[in-house]
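Chemist: give me coordinates for this.
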Amino acid sequence: MTSSTNGGSRITAAVAQQLIGTYKNEEGWPPDKTRAVWFSLDAIADIQALISASAGDGIRIYFGKYPSDVDIPGTPDPAYKGKVTLIMIPTVTGSDGSHNDIFPPVAPGTMVALDDGGTGYDHGSLCPPNCPTEPPPGS
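Modeler: Modelled structure (predicted):
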């Protein structure tokens, strides 16, 4: 396995299972907490198109959380309230070679515009409630 700090690298199935298993064993997987997010091949192509449309060089993935008491427009499932999700933000290369978000993260409690043309990506299929039936890796 090659080490990379500039954009990631492929890992073996055994390493993936070990990392997931370590997370499960050390952090726990309560039955009501998000443990995985699935994106379709079409969604991945749309994410790539979003990066290209932003003249991006890659994507930064943030953990986010749906509010428990507020409806977020476009949320695909009411069961997502209070669940952790992944938010993908295209990045652009800065003059110093850094990878900068196309927009900065917003401070907690700050109101944001709800229609900016779609510069981020969310709404993967959360597990739970949409979990595979086979046991998770590393279990």
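
Chemist: so which helix or strand of the chain has the lowest pLDDT on average?
Modeler: Least confident helix or strand of the chain, by mean pLDDT, DSSP states H and E, is strand 125-127 with a mean of 81.

Chemist: what sits up against it?
Modeler: Contact with strand 125-127 is made by 34-39, 76-77, 80, 83-85, as judged by CB atoms under 8 Å, 6 or more residues apart in numbering. Bear in mind the C-beta positions are built from the backbone N, C-alpha and C, glycine included.

Chemist: just give me the least confident of the residues you listed.
Modeler: Within those, residue 76 has the lowest pLDDT, namely 73.

Chemist: of the contacts of strand 125-127, select the buried ones using a ChimeraX command.
Modeler: With 16 or more other CB atoms under 10 Å as the criterion, this ChimeraX line picks the buried residues out of the contacts of strand 125-127:
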select :34,35,36,37,39,80,83,85
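
Chemist: and the contacts of strand 125-127, which two are furthest apart?
Modeler: 35 and 76 (17.9 Å; CB to CB).

Chemist: so residue 97 sits in a helix?
Modeler: No: under DSSP: H, G, I helix; E, B strand; the rest coil, residue 97 sits outside any helix and is assigned coil.

Chemist: retrieve the pLDDT associated with it.
Modeler: At residue 97, pLDDT is 87.

Chemist: could you report the neighbour count for it?
Modeler: By the criterion of other CB atoms under 10 Å, residue 97 has 8 neighbours.

Chemist: ok, it to residue 91 distance?
Modeler: Counting by CB to CB, to the nearest Å, the gap between residue 97 and residue 91 amounts to 12 Å.

Chemist: could you do residue 12 as well?
Modeler: 27 Å.

Chemist: host element of residue 92?
Modeler: Under the criterion of DSSP states H and E, residue 92 resides in strand 84-93.

Chemist: related to what we said a few turns ago, just the contacts of strand 125-127: which are in helices?
Modeler: Of the contacts of strand 125-127, none are assigned to helices by DSSP state H.

Chemist: now do the strands in this protein.
Modeler: 36-38, 58-65, 84-93, 99-101, 125-127 (DSSP state E).
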